[in-house]
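Build me a model from this:
(2 chains)
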Protein chains: 2
Amino acid sequence: MEAVRGGKVEFHYIRLANEIEGRVASGHIGIGERLPSLRRVQEQKGLSLSTVYQAYVELENRGVIEARNKSGFYVRAQIKKLLPLPSAGHFSLKPLKVKVNTLAGVLQNLFDHPEMIPFGAAIPGPELLPVKQLSRMAREIGATYLLKAGGTGYGSPTGQPELQRQIARHLDWYDGFSGEEIIVTGGCMDAINLCLRAVASPGDIILVESPTFLCYLQLIEDLNMRVLELPADPVHGLDLDVLARTVEEHDVRAVLLNSNFPNPLGYRVAGEKKREMVRIICGRGIPLIEDDIYGDLYFGETRPTTLKQYDEQGLVLYCSSFSKTVLPDLRLGWVVPGRFKEKVKRLKFNALIATPKLNQMIIAGFMETGAYERHLRKMRNTLKVQVGNMTRAVANSFPGDTRMSSPEGGLVLWVELNRGIDSLQLFTRAAEVGISILPGAVCSSSGQYQHCIRLNCGVAWTPAVQSAIVALGGLITELMA
Amino acid sequence: MEAVRGGKVEFHYIRLANEIEGRVASGHIGIGERLPSLRRVQEQKGLSLSTVYQAYVELENRGVIEARNKSGFYVRAQIKKLLPLPSAGHFSLKPLKVKVNTLAGVLQNLFDHPEMIPFGAAIPGPELLPVKQLSRMAREIGATYLLKAGGTGYGSPTGQPELQRQIARHLDWYDGFSGEEIIVTGGCMDAINLCLRAVASPGDIILVESPTFLCYLQLIEDLNMRVLELPADPVHGLDLDVLARTVEEHDVRAVLLNSNFPNPLGYRVAGEKKREMVRIICGRGIPLIEDDIYGDLYFGETRPTTLKQYDEQGLVLYCSSFSKTVLPDLRLGWVVPGRFKEKVKRLKFNALIATPKLNQMIIAGFMETGAYERHLRKMRNTLKVQVGNMTRAVANSFPGDTRMSSPEGGLVLWVELNRGIDSLQLFTRAAEVGISILPGAVCSSSGQYQHCIRLNCGVAWTPAVQSAIVALGGLITELMA
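Alright, predicted model coming up:
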């Protein structure tokens, strides 16, 4: 037997390592799962303790597992390119009138059915959120805040200083930030709505990337603006030459972008490229509305930079929110509007007067304890595992010609199916079996992406969720037949 | 002595009644104050118990005091016409482009200084609000709501069913109302903003009354619409003939009105007149945005009707909120948009996604206990007393040529000063001594009312508040010199 020859010991640990890697690849051992202890495997397999240990080190070297301090070995999240990347969109040089709301209105019923498997909306599940800490904070603030001086009146239209300070502390990349530059809003979409209204008028052209976030298009339609869609590469994002040519050739009134892990593609943009984007756009005096809602949900080692960091003219309106990282329901976001501050403040005041102090004080209290940064670290790990599990499940359950994004952060996967598939039809069939998805048709105004879907990875990885992916794969196969 | 003759007893009780009425009129005995007990007065004055009793009955008959069950006699709120009514505005047949925001922006600093005597904004003081009950409810809901199924997700864009049901129950004038007709919003201005956007476009003419609520004008300016101002009589409101002629002669796209106790005039409109208004406006297919935010704050015996009650075509968009009656900070209002429901829902979703469930559940919980109706009864009484005190203080402290509204509900007084007074100058002088007021200049786009001011009566009646009115009177006298 080969095992008797010189390479005997290696043979055993390699065989064991291969066996475990195979079980991880097939999904028998889940991402984030703890491997059995060395002693347990030693007993089960009749191998020496050092052989098992060597197998685990080998798996660690291969990037399959990781050792955690004193608690053993765990399967790592591997967001490997298990499937080819989706194709980039086609570039249409025509600004388009947007018409997505009618279709979106039909789809939005997905928000109203909590019993569905929620792959549709990009929402973090309750397991990802600091529910207990927030409940404690809500109880404490709720009981006391009205009894303080001025507690019952309207808050300041720009927000509570307590929360502004905490946000400023969190945005530590921004030198000399005091918090007064911030206007607190009722979520990120409220911030973007205010920004669009502050910098553009009906008929104006707004540049977005393609595919893009459905709600951008809905807002632009509501405001009777037009959209110019620039195709983004699933890994490299926008082409700078094309961007430069586009803002030169078109009367672009504003640019609206997810700066990090854009919805739906999820790629990461290097800092130098961001600097160049700001130069190209703001260099022409064009306001750049930056939506950084996913910036804290990175899967790599460091937080990516923001476009705002490279803004020397006050032309970047930096928007973000707590909806993806703390709690959607509190409806709290913010904007650093640069030179448009007075206009944004006025538009906010006139429509909403103020944001509830109650909600702001809950988040401010939560952040003040330092719990926010701790929570983010934990959330990023869990989310990365969920995206890895989802990625693998799609690779295993969807037809062989499926293509898929390889997100480096954020909540969603972008999946390109066979061109014969109508994702609206898939949406309907999936809804019938209790699964919501987002059809690609609503991620553009140009009629592309009819064969694509977006999947939310914010949902906790359970057998029911895994089955739902298998079921989706089955529906796609059926639709192709 | 006359007292010895036949009319002796009458003489004593009449003299006593006159004396007390004089002390009430001069402000030595405040509105809402309890009169000394019969026995106390008997001892002090050396009169018989029955004489004192007769004097009190006489005062009750004169409407000066009222007996309260087992607790004695109290000075009634008398919102008497102590001063002549303000003049009605001039009618300009021209739709105007609105330009109030720049000035309003300067004035709005009044929201940011809680240490000022707050006569500027129309806000109920903490003493008027159910602070303890709301704190209890906020603590309870805050501690528990996230732990329920679906607690962490976005709420429905139309609102929480619990709150919709409670609002429907409160709107008991509306037969067969289930709550599903309602869209919950982030306050009344949010509701009005959504309605204006749903029914009109930039450039369109919006009809309002004059003087009107500053924030209407600010919104209309933000939306690039035009305004047509119809002067309202301080007692009778709009002239129906003029209204009919105006909607016939102008391309009015929508009408925006406070239906009850309009800000700033505070008059009451009879039900029959409301029916006629709806007939005139909606009969021409014009949407009527009804803002009933003050409807529950009536000083009479019964709640006034709404315009919505006479709407047979679904053209009335009924807006209201909890900001004036429960708590401004929760930022909760609602709209019953009639036939515009889908459009309003979509506009709300696209900009705000949803209203925080936390805030909605707090109010729903508060209303469910029946505490809301009890609270409103108490609040109306207190508010009526405050308006009465304010009215008298203005009559006593302002120059003799002052004119003043005689509100039948709501939070504010409208005061017309000598035409030589520039109320913006008065605003500045008052701010210097720690008093905020609203200058009439911002209550119209037509340049009228520069010599008028609006005073908030939501503030509790204290010696400091009384002194502030005296101080205002002094500033006016100085400005006239």
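
Can you pull the phi/psi pair for A:Gly159?
With angles defined as degrees, to the nearest 10, A:Gly159 sits at phi 120, psi 170.

Distance of it relative to B:Asn101?
20 Å (C-beta to C-beta, to the nearest Å). C-betas here are computed from N, CA, C, even on glycine.

Over to A:Gln218?
Taken as C-beta to C-beta, the span from A:Gln218 to B:Asn101 is 27 Å.

now the strands for the stretch 51-200 of chain A?
A:65-68, A:72-75, A:96-97, A:117-118, A:183-185 (DSSP state E, counting those that start in this stretch).

Tell me which residue is most central in chain A.
Of all residues in chain A, the one closest to the mean position by C-alpha atoms, centre = their mean is A:Gly410, 2.3 Å from it.

residues contacting that residue?
Neighbouring residues of A:Gly410 by C-beta atoms under 8 Å, 6 or more residues apart in numbering or on different chains: A:122, A:260-263, A:266, A:294, A:297.

Let me know the distance separating it from chain B.
According to C-beta to the nearest C-beta, to the nearest Å, A:Gly410 and chain B sit 18 Å apart.

out of everything not next to it in sequence, what's closest to that residue?
Among residues not flanking A:Gly410 along the chain, A:Phe261 sits closest, at 3.5 Å (C-beta to C-beta, 6 or more residues apart in numbering or on different chains).

Residues contacting the helix or strand encompassing A:Leu257, please?
Assigned by DSSP states H and E, A:Leu257 falls within strand A:252-258. With C-beta under 8 Å, 6+ apart as the test, strand A:252-258 has contacts from A:192, A:195-196, A:199-201, A:204-209, A:213, A:216, A:220, A:225, A:228, A:246-247, A:281, A:286-294, A:307.

do stretch A:102-121 as well
A:125, A:214, A:218, A:424, A:427, A:431, A:434-439, A:441-442, A:455-456, A:458-459, A:464-465, A:468, A:472, B:149-150, B:153-154, B:156-157, B:342, B:346, B:349.

how distant is it from the center of its chain?
In terms of C-alpha atoms, centre = their mean, to the nearest Å, the centre of stretch A:102-121 is set 18 Å apart from its chain centre.

quick one on the thing from earlier: give me the neighbour count for the residue nearest to A:Gly410.
26 (other C-beta atoms under 10 Å in any protein chain shown).

how about the strand holding A:Leu257: buried residues?
A:252-258 (16 or more other C-beta atoms under 10 Å in any protein chain shown).

Next: stretch A:268-286.
Buried-residue list, stretch A:268-286, by 16+ other C-beta under 10 Å: A:268-269, A:274, A:276-278, A:280-282, A:286.

swap in stretch A:418-436?
Going by 16+ other C-beta under 10 Å, stretch A:418-436 has these buried residues: A:418, A:421, A:423-424, A:426-427, A:429-431, A:435-436.

anything in the longest helix belonging to chain A sitting right up against chain B?
Longest helix in chain A, counting residues (DSSP state H): helix A:371-397. No: Helix A:371-397 does not reach chain B (C-beta under 8 Å from any C-beta of the partner chain); its nearest approach is 12.9 Å.

Domain ranges for chain A, per the record?
Residue ranges for the domains of chain A, per automatic domain parsing: A:2-75, A:131-371.

what's the neighbour count on A:Glu249?
A:Glu249 has 10 neighbours, counted by other C-beta under 10 Å.

Would it be right to say that A:Gly447 lies in a helix?
No: the assignment for A:Gly447 by DSSP: H, G, I helix; E, B strand; the rest coil gives coil, which leaves it out of any helix.

Flag every residue of the stretch 251-400 of chain A that's near chain B.
Counting by C-beta under 8 Å from any C-beta, the stretch 251-400 of chain A sits next to chain B at A:327-331, A:342, A:346-347, A:349-359, A:362.

ok, for the residue in the stretch 351-481 of chain A that chain B sits nearest to, nearest residue in space, not its chain neighbours?
In the stretch 351-481 of chain A, the residue that lies nearest chain B is A:Ala351 (4.4 Å; C-beta to the nearest C-beta). Leaving aside its sequence neighbours, A:Ala351 sits nearest to B:Asn193 (C-beta to C-beta, 6+ apart; 4.4 Å).

so the one you found touches B:Gln218, yeah?
No: B:Asn193 is not in contact with B:Gln218 according to C-beta atoms under 8 Å; the separation is 10.2 Å.

Between the two, which contacts overlap?
In contact with both B:Asn193 and B:Gln218: A:Asn350, using C-beta under 8 Å, 6+ apart.
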